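In: coordinates only, sequence not included:
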C-alpha cells in the first residue's frame, strides 16, 4: 500500500454550501485516494515521511468542464461579436487550420503546456473534426498527467465547407475509426467523449449514428445547449417538432440518462429543459466569462443548484479568454451578482462556497469521486504559495483562499497532483 | 534640450474610436513630452541613442481615476454584501485602523509597491480621514515616481464613531492643516485633492467649508455619485430639496465647473445629472469590477461617451479586487456587453478602442495632456513583453495588444515611465 502525507493549509468542499479549512493540518493519501484530513497526524502515520507545505494552501484540483483546445490560439481576441457571427468569423476559420498536422502540433503544444500550468487537473475538451490532430492532442495530454476527456467534433451541416464533414456516414465512420485508434493507444488518463458540436451543425442522421456509437462503445457525450437567444431560435426552426432545445438531443437519446452527458452554457434553459436535465443527470458546464464576452447573458446557477441539478464550472476558451479556473470562479461570482441585480432578484447571487464547489466537486463528479478531500476521493490537488500577496495583518485560511481566487496568477502555483500522482512542481 | 528615443511596437489612442499602432517604430520624447511617433526615424534624430524595445509593446501609461489606498489590505475579501452594508462591515473598520501610524506604514508600503508594479502611471486616490497617515501615504507615493492626487477623506455624519470627525469645523480645520503640510513638503508628483467621502457622510456645513477651502487653495475634488440604488434613495431623503444626487454636490459649488471634479461610478445617473456633468466637465470614474462585486449594476459608458462626457477608468480597490487597469478594461468590456444584452439594447457595448481610450486618454485628461503619444503629451509609458503569450502564427500589433489586455499579469511589465522619467525596469 502506498501512503503519501502532505502538511499545509487544507481547503475543500463538503457540498455546495459547506467549505472546510484546516490550518497546517495533514492530508493522508492511500493508493491515490484521500484517506483523511487531520489537525494532528494520527499515531499510525507518524513514522511516515511528510511532504511539508507548511503555510501553503492545498486545494482540490479543479475540473474545467468545457474548453475548446483548438481555439486557444485566439484567446483574448475577437471579442466583438455574438455567438453565431463569432463562430463564423473566428472559431471556424481557426479550427479549419487543424487539418494541417504541423499547425496542430505547434498549437496543441502551447495549449497543453498552459493547461498543465493552470489550476485545472481534469477537463472535458473539444478538439476539431480532424482525427489525426485530435489524436495528437490526446498524445500530448496523456504525457502531462492531466486527466481528460477529449472529443473529436462532429459537424455535417450549416458550417463552412472547409469545416464540414461531407456526410453523416463519413462523420460517423471517422468517429468510429478515431475511437478504435484511441483504444489501441491505451491511454491511461485520456478518454474519448462523443462531441456533436451543437444541434445546428449536426444532421438527424448524424445524431442517430452517434447514438449507435454511444451504445456500442459506451461513451459519454458533450455538446452545447441554450447559450444564446439567436441560437435557441435557430434550433426551434431546425427542429419544429421539439418544444425546447434539450429535446433536440433527447429525441436521439443523446441527453444523458443512460450515459453521462455535459451540456455547456444553459443560459436560456426553460423550466421543461431544466426538469429533463435533472431527470437525466445532465452536467451543466457553466461558462460565465464566455457568456459575457460573446454577450450571451448569465445562466441562473444558484437556481440550478437549489433545484439539485449537476453543475460544473468551465473556462470555455476561447469564448473565455483565459484557462484559469480561478478567473472562472471570479466571473461566476460577478455574473451571478449582476444577474441578481439586473435580471431577477429572486435568484440569489452565488456565494464563495458555491463558486468553489462548482469549480471542484461540481465538475469533478463527472469523473467520479473527484474534487474534494473527503475520504475515498481521488487525490487531485493544487499547492498554492500566496506569500507574494502581502497583508498587514494575519488572515484566516478561508480569507487567504478567497483572496487567492481573485488575485493569484500562475506564479502562485507551486505543485499539482492528479489522481494521486505529482504532475507539476 | 533632453531627447529620448524608444524603439518598439507602439500603440496609442487618438480619440475614443481611433487606436493607432506602429510595428517597431520610434517614439521621440523631448523634455518629457512626446515629440512624435515615426515608422522611420527622421534624419535629425539619427545620431542619438535609441532605447531598444524591439518587438515589445509600448503603450501610454494608464490612469486609475478612483482607488482607495487604505482598502488595499482586504482586496479580494468580503465580496458578499451590497455597498452600504459593505461599507459598514468591511471598509469602515479597515479604514479606522489608519489612526495607527504603524499599521498605516505597513499597509501603505504594500499598496505603493503594488501600484508601482501595476499598469498605472497616474491615479486619483482616496486615503482616510487621518492626516498623519495620509501624509505618510503621500511621502511613499512621491518616492515611487508615480503621479497622483491623494485625498484626506472628510466624513462627519452617518459613519461609525471610530471613523467620524466630531464636527464640520474640526474636519475642515484638519483638512486645511493637511493642505498646508502638503505644501510645506513640496512634493513634485503628489498633489492634494479635496475628498468628501459622499453626501451621506458629509453635513451641509462641512460641504460649505470644503467649498471655501477649494476657493482659497484652488483644489480639485473627488467623491462618489449614484453608485447604488439604496444610496441614491438615501441621498434623496437626506437632501429633499434636490432633484437628483449630483445637485447635492452642485448646491455647494462642489460639482465641477470652476474646479476639476471626479465623480466615481455614475451607474444610476439621471438625464439631468448627465446634463449637469457634461456642462460642468465632471470626470466620471467608471469602476466596472467594483460595480459587479458589490452588485451595484453597470454604468452606461457608451452613452456617456456618445454624449461627449469625460470618462476615465478605475479599479476602485477594494470594491474592485485588483489594482490592474488591464483587468479593469476587461471588466469594462464585459460589463458593457451584459448591460447591452440584459438592460438596454439601444446602448451598444464598449469597443476595445473605447476601453483602451478610457484607460489612457480618458482619465489622463484629468492630469492635462496625458494618456496618448500625440505630440505635446506628457510621456507616460508602459513597456510590455508578451513573449510568454505564445501563438502558433504571427499576430498584428493590434492583436497582440488586445490579447495582452486579457492575458497579461504583472510579470509582463518590463519598464514604466511617468512624466518623462523611467520609474521602473
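Out: Sure thing, it's come through. Since the model is a prediction, treat every value here as computed from it, not as a measurement.
In: residues in the stretch 301-425 of chain A within reach of chain B, list them.
Out: Counting by CB under 8 Å from any CB of the partner chain, the stretch 301-425 of chain A comes close to chain B at A:321-322, A:330-331, A:333-335, A:337-343, A:349, A:351-352, A:390-393, A:395, A:399, A:402-407, A:409-411. Backbone N, C-alpha and C define where each C-beta goes, glycine included.
In: Filter those residues down to the buried ones.
Out: The neighbour-count test (16 or more other CB atoms under 10 Å in any protein chain shown) marks A:321-322, A:330-331, A:333-335, A:337-343, A:349, A:351-352, A:391-392, A:395, A:399, A:402-407 as buried among those.
In: in the stretch 251-400 of chain A, which spans are helices?
Out: A:271-280, A:288-293, A:301-306, A:325-342, A:352-357, A:363-364, A:397-407 (DSSP state H, counting those that start in this stretch).
In: among those, which is nearest residue A:98?
Out: The closest approach between residue A:98 and any of those, judged by CB to CB, belongs to helix A:288-293 at 20.3 Å.
In: For that closest one, what is the distance to the chain centroid?
Out: Relative to the centre of its chain, helix A:288-293 is centred 14 Å away, using CA atoms, centre = their mean, to the nearest Å.
In: can you list contacts of that helix?
Out: Contact with helix A:288-293 is made by A:79, A:227, A:265, A:267, A:296-299, A:313-316, A:319-322, A:327-328, A:331-332, A:334-336, B:333-335, B:337-338, as judged by CB atoms under 8 Å, 6 or more residues apart in numbering or on different chains.
In: at 6 Å instead, please
Out: A:79, A:267, A:316, A:319, A:320, A:331, A:332, A:335, B:334, B:337, B:338 (CB atoms under 6 Å, 6 or more residues apart in numbering or on different chains).
In: just stretch A:346-361 next, same as before
Out: A:13, A:16-17, A:19, A:60, A:62, A:300-303, A:311-313, A:325, A:329, A:332-333, A:336-337, A:340, A:371-372, A:402.
In: Now do the buried residues in it.
Out: Quick answer for stretch A:346-361 (16+ other CB under 10 Å): A:347, A:349-352, A:354-361.
In: Same question for stretch A:180-191.
Out: For stretch A:180-191, by 16+ other CB under 10 Å, it's A:182, A:187, A:189, A:190, A:191.
In: Give me the phi and psi angles of the first one.
Out: When you say that, I think you mean residue A:182. phi -60, psi -40 (degrees, to the nearest 10).
In: Verify the stated contact: it with residue A:192.
Out: Yes: with contacts counted by CB atoms under 6 Å, residue A:182 reaches residue A:192, the gap being 4.8 Å.
In: so which residue of the stretch 1-150 of chain A comes closest to chain B?
Out: residue A:76 (3.3 Å; CB to the nearest CB).
In: what's around that residue, how many residues?
Out: 23 (other CB atoms under 10 Å in any protein chain shown).
In: Now do the contacts for it.
Out: By CB under 6 Å, 6+ apart, residue A:76 lies in contact with A:321, B:403, B:406, B:407.
In: could you dump those residues to CSV with pLDDT?
Out: Formatted as CSV, those follow (pLDDT from 0 to 100):
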residue, pLDDT
A:321, 97
B:403, 96
B:406, 96
B:407, 96
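In: Farthest-apart pair in the residues you listed, please.
Out: Longest span within these, CB to CB: A:321 and B:403, 8.2 Å.
In: for the stretch 151-300 of chain A, which spans come out with low pLDDT?
Out: Nowhere does the stretch 151-300 of chain A drop to pLDDT under 70.
In: quick one: contacts for the nearest residue to residue A:189 once chain neighbours are set aside?
Out: Leaving aside its chain neighbours, residue A:189 sits nearest to residue A:147 (4.9 Å; criterion: CB to CB, 6 or more residues apart in numbering or on different chains). Residues near residue A:147 by CB under 6 Å, 6+ apart: A:122, A:189, A:418, A:419.
In: same thing with residue A:55?
Out: So residue A:55 contacts nothing (CB under 6 Å, 6+ apart).
In: Using the three-state scheme, assign it.
Out: Three-state call for residue A:55 (DSSP: H, G, I helix; E, B strand; the rest coil): strand.
In: quick one on the thing from earlier: in helices, which of the buried residues of stretch A:180-191 fall?
Out: Using DSSP state H to define helices, the subset of the buried residues of stretch A:180-191 located there is residue A:182.
In: On the three-state scheme, residue A:150 is what?
Out: Assignment for residue A:150 (three-state DSSP): strand.
In: OK, now which residue of the stretch 301-425 of chain A is nearest to chain B?
Out: For the stretch 301-425 of chain A, CB to the nearest CB, closest residue to chain B: residue A:406, 3.4 Å.
In: so how far is residue A:262 from the residue lying closest to that residue once chain neighbours are set aside?
Out: Closest residue in space to residue A:406, ignoring its immediate chain neighbours: residue B:76 at 3.4 Å, by CB to CB, 6+ apart. Counting by CB to CB, to the nearest Å, the gap from residue B:76 to residue A:262 is 30 Å.
In: Buried residues of stretch A:221-241, list them for me.
Out: Neighbour counts over stretch A:221-241 (16+ other CB under 10 Å) mark A:221-228, A:231-232, A:234-235, A:238-239 as buried.
In: Span of that stretch from start to end?
Out: 23 Å (CA to CA, to the nearest Å).
In: hmm, back to that, could the contacts of helix A:288-293 go into JSON lines alongside distance to residue B:67?
Out: JSON lines is the format used below for the contacts of helix A:288-293 (distance: CB to CB, whole Å):
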{"residue": "A:79", "distance to residue B:67": "26"}
{"residue": "A:267", "distance to residue B:67": "33"}
{"residue": "A:316", "distance to residue B:67": "31"}
{"residue": "A:319", "distance to residue B:67": "30"}
{"residue": "A:320", "distance to residue B:67": "27"}
{"residue": "A:331", "distance to residue B:67": "22"}
{"residue": "A:332", "distance to residue B:67": "25"}
{"residue": "A:335", "distance to residue B:67": "24"}
{"residue": "B:334", "distance to residue B:67": "20"}
{"residue": "B:337", "distance to residue B:67": "24"}
{"residue": "B:338", "distance to residue B:67": "23"}
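In: Show me which of those residues is closest to residue A:215.
Out: residue A:316 (28.6 Å).
In: wouldn't the closest one be in contact with residue A:64 here?
Out: No: the criterion here is CB under 6 Å, and residue A:316 misses it with residue A:64 at 8.7 Å.
In: ok, residue A:208 - how many residues close by?
Out: 15.
In: so where does it fall, helix or strand?
Out: Following DSSP states H and E, one finds residue A:208 within helix A:204-217.
In: Helix, strand, or coil at the residue of the stretch 1-150 of chain A closest to chain B?
Out: Look at residue A:76: counting by three-state DSSP, its state is coil.
In: Show the backbone phi and psi for it.
Out: According to degrees, to the nearest 10, residue A:76 has phi 80, psi 10.
In: mind checking which of the helices of the stretch 251-400 of chain A is nearest residue B:276?
Out: helix A:325-342 (25.5 Å).
In: Now that closest one: average pLDDT?
Out: Averaged over helix A:325-342, pLDDT sits at 98.
In: what does that helix contact?
Out: A:62, A:64, A:119-120, A:288-289, A:298, A:313, A:315, A:349-350, A:355, A:359, A:405-406, A:408, B:292, B:295, B:297, B:338, B:342-343.
In: Recalculate using a threshold of 7 Å.
Out: The contact list for helix A:325-342, computed with CB atoms under 7 Å, 6 or more residues apart in numbering or on different chains, reads A:62, A:64, A:118-120, A:286, A:288-289, A:291-292, A:298, A:300-302, A:313-315, A:320, A:347-350, A:352, A:355-356, A:358-359, A:405-406, A:408, B:79, B:292-293, B:295, B:297-298, B:338, B:342-343.
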